[in-house]
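*Asks:* Predicted coordinates and the sequence they were generated for:
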Amino acid sequence: MPIRDPAKREIAMRKRLYLKICRECGVRNSPNAEKCRNCRSYNLRWKHREPAVKR
């Protein structure tokens, strides 16, 4: 079910795309995380964000 309201759509996209990923264990962390919530590593990266391509 697609989201029609632009404000709600923006909130949903931020929730899904703006995450930090641990390079050691691969777990998803909050955007303001300093270390991994699973393995306590400081080796975090931002999730790659590319525009969705519809075919």
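*Replies:* Looks like it arrived, so ask away.

*Asks:* From here on, just use CA atoms for contacts and neighbour counts.
*Replies:* Fine.

*Asks:* which stretches of this protein form strands?
*Replies:* With DSSP state E, the ranges of strands along the chain come out as 20-22, 28-29, 44-46.

*Asks:* other SSEs contacting the last one?
*Replies:* What it means is strand 44-46. On a contact count with 3 or more Cα pairs under 8 Å, 6 or more residues apart in numbering; DSSP states H and E, strand 44-46 meets strand 20-22.

*Asks:* what does the strand it packs on contact?
*Replies:* Contact partners of strand 20-22, identified using Cα atoms under 8 Å, 6 or more residues apart in numbering, comprise 27-31, 33, 36, 41, 43-47.

*Asks:* repeat that with 10 Å
*Replies:* The contact list for strand 20-22, computed with Cα atoms under 10 Å, 6 or more residues apart in numbering, reads 26-48.

*Asks:* now the residues you listed: which count as buried?
*Replies:* 28, 29, 31, 35, 36, 44, 46, 47 (16 or more other Cα atoms under 10 Å).

*Asks:* possible to save the strands of the chain as TSV with mean pLDDT and distance to residue 7?
*Replies:* Converted to TSV, the strands of the chain look like this (pLDDT from 0 to 100; distance: least, Cα to Cα, whole Å):
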stretch	mean pLDDT	distance to residue 7
strand 20-22	97	23
strand 28-29	96	24
strand 44-46	97	23
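
*Asks:* So residue 17 sits against residue 29, correct?
*Replies:* No - between residue 17 and residue 29 there is no contact, the gap being 11.4 Å when judged by Cα atoms under 10 Å.

*Asks:* rewinding a little: the strands of the chain into a markdown table, with extra columns for distance to residue 1?
*Replies:* Listed next are those as a markdown table, based on distance: least, Cα to Cα, whole Å:
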| stretch | distance to residue 1 |
| --- | --- |
| strand 20-22 | 27 |
| strand 28-29 | 25 |
| strand 44-46 | 28 |
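
*Asks:* Show me the helices in this protein, by range?
*Replies:* All helices of the chain, identified by DSSP state H, fall at 6-17.

*Asks:* roughly how far apart are the most centrally placed residue in the chain and residue 42?
*Replies:* Centroid-nearest residue in the chain, with Cα atoms, centre = their mean: residue 19, separated by 2.6 Å. To residue 42, residue 19 is 15 Å away according to Cα to Cα, to the nearest Å.
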